[in-house]
Every structure is written in C-alpha cells, then in structure tokens.
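Engineer: Let me see the structure of the following:
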Amino acid sequence: MFHAKVFIQLKPSVNDPQGFTIRGGLQQLGFDSVASVRAGKYMEIALEASDEEQARAQVGEMCEKLLANPIIEDYTFELEAG
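Structural biologist: This is a model prediction of the structure:
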C-alpha cells in the first residue's frame with residue numbers, strides 16, 4: 001500500500017481569481033502584509049502497487065489524465081509506503 005499526497009496549483013502565468021479574493025479578505029482582516037495568494041488543491045490517495053516505481057507511475061498518470069489540467073496547472077506529489 002502506498003499513500004500519495006498530491007499538490008496542484010495554477011501555473012504562474014494563469015490568473016487566480018480565488019487567490020485574489022482570499023488576499024482581499026485577509027487584507028480586510030488587517031493582514032496588510034499579504035502581497036499575494038495562490039490557491040490550489042490538495043488530495044490524499046491510497047493505492048495498491050507492487051513497488052514504488054509502479055506507484056509513482058500510477059499517480060503521475062492520474063494527475064495527467066484527471067486530477068490536474070496540464071494546460072493551466074502544475075502538480076507535484078509525495079509518495080510514502082505504508
């Protein structure tokens with residue numbers, strides 16, 4: 001059993017309206033030092049694989065095919081055996 005922690009964020013060149021809204025809310029609450037916010041997605045996935053290489057390949061394929069939009073999003077993931 002492997003556990004993947006997947007982090008997905010918009011590419012730097014893509015506008016992030018949710019991040020702009022969060023930044024505005026933080027500034028209204030008095031956090032004037034906040035210059036910018038980028039919002040993203042976080043997922044935890046448990047999967048069966050014969051070894052770490054196969055698990056990494058499966059998670060990468062999941063991200064490319066469904067979890068992330070490779071045109072506007074970047075992704076990274078951490079993998080742990082357990």
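Engineer: Can I take it that Gly24 is in a helix?
Structural biologist: Yes: assessed with DSSP: H, G, I helix; E, B strand; the rest coil, Gly24 lies in a helix.
Engineer: tell me which residues in the strand or helix carrying Gln27 are buried?
Structural biologist: Using DSSP states H and E, Gln27 maps to helix 17-28. For helix 17-28, burial by neighbour count (16 or more other C-beta atoms under 10 Å) applies to 19, 22-23. For glycine as for every other residue, the C-beta is placed from the backbone atoms N, C-alpha and C.
Engineer: Same check on stretch 47-65?
Structural biologist: Neighbour counts using 16+ other C-beta under 10 Å place 49, 55, 58-59, 62-63 of stretch 47-65 among the buried residues.
Engineer: what mean pLDDT would you report for that stretch?
Structural biologist: Regarding stretch 47-65, the rounded mean pLDDT is 97.
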